[in-house]
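*Asks:* How does the following fold in three dimensions:
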Amino acid sequence: MTREGTKAPDFKAAASNGQTITLKDLKGKNVVLYFYPKDDTPGCTVEACGFRDTIKDIEKLGAVVLGVSPDSLKSHEKFINKFKLPFTLLADEDKKIAKDYGVWGKKSFMGRTYMGVNRTTFIIDKDGKIAKVFEKVKPEGHNWEVMEVLKTLP
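*Replies:* Residues are numbered from 1 along each chain as shown. Presented below is the predicted three-dimensional model:
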């Protein structure tokens, strides 16, 4: 897992806004990079809608929100339209970004073990360093935790 105080791994990904986004492109902005398992599932929807509902406040704090999952751009588009999500989702179909950030790993559900995305959020400061890592994120109210940290950043 990428740790607080270290340089955030750069990435290049196809984005739901039709562009290709790299972390370098966002230098000078605080970035909320949140990894979630799957579009339009209960926990992922709660988390995304939380960010949606406070996006104006997050933007006032000088931050941009990017959601990352292994889903395709087509899946992201449906998710965005269904829940009116006003931020960009990145398609990490080859799981490279998840692996680079150390959030791709073993999971278990109902006695079954499988590989997947561990719900984790990274707050990356304007200089590209990781200011905060939230591991094992609880979707409900996570947006408020993120805003509290953003308030402490220059």
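
*Asks:* any idea which residue sits dead centre in this structure?
*Replies:* Using CA atoms, centre = their mean, the residue of the chain that lies closest to the mean C-alpha position is Tyr34, 1.6 Å off.

*Asks:* burial measure for Glu47, as a count.
*Replies:* Glu47 sits with 23 neighbouring residues when counted by other CB atoms under 10 Å. (C-beta placed from N, C-alpha, C; glycine too.)

*Asks:* State whether it is indeed within a helix.
*Replies:* Yes - for Glu47, which was evaluated using DSSP: H, G, I helix; E, B strand; the rest coil, the result is membership in a helix.

*Asks:* My guess is it contacts Phe134. True?
*Replies:* No - in this structure, Glu47 sits apart from Phe134 without contact. The criterion is CB atoms under 8 Å, and the distance is 10.8 Å.

*Asks:* between the two, what contacts are shared?
*Replies:* His142 (CB atoms under 8 Å, 6 or more residues apart in numbering).

*Asks:* Which pLDDT value goes with Met1?
*Replies:* The model reports Met1 with a pLDDT of 66.

*Asks:* Oops, could you answer that again for Met110 instead?
*Replies:* Here the pLDDT value assigned to Met110 is 85.
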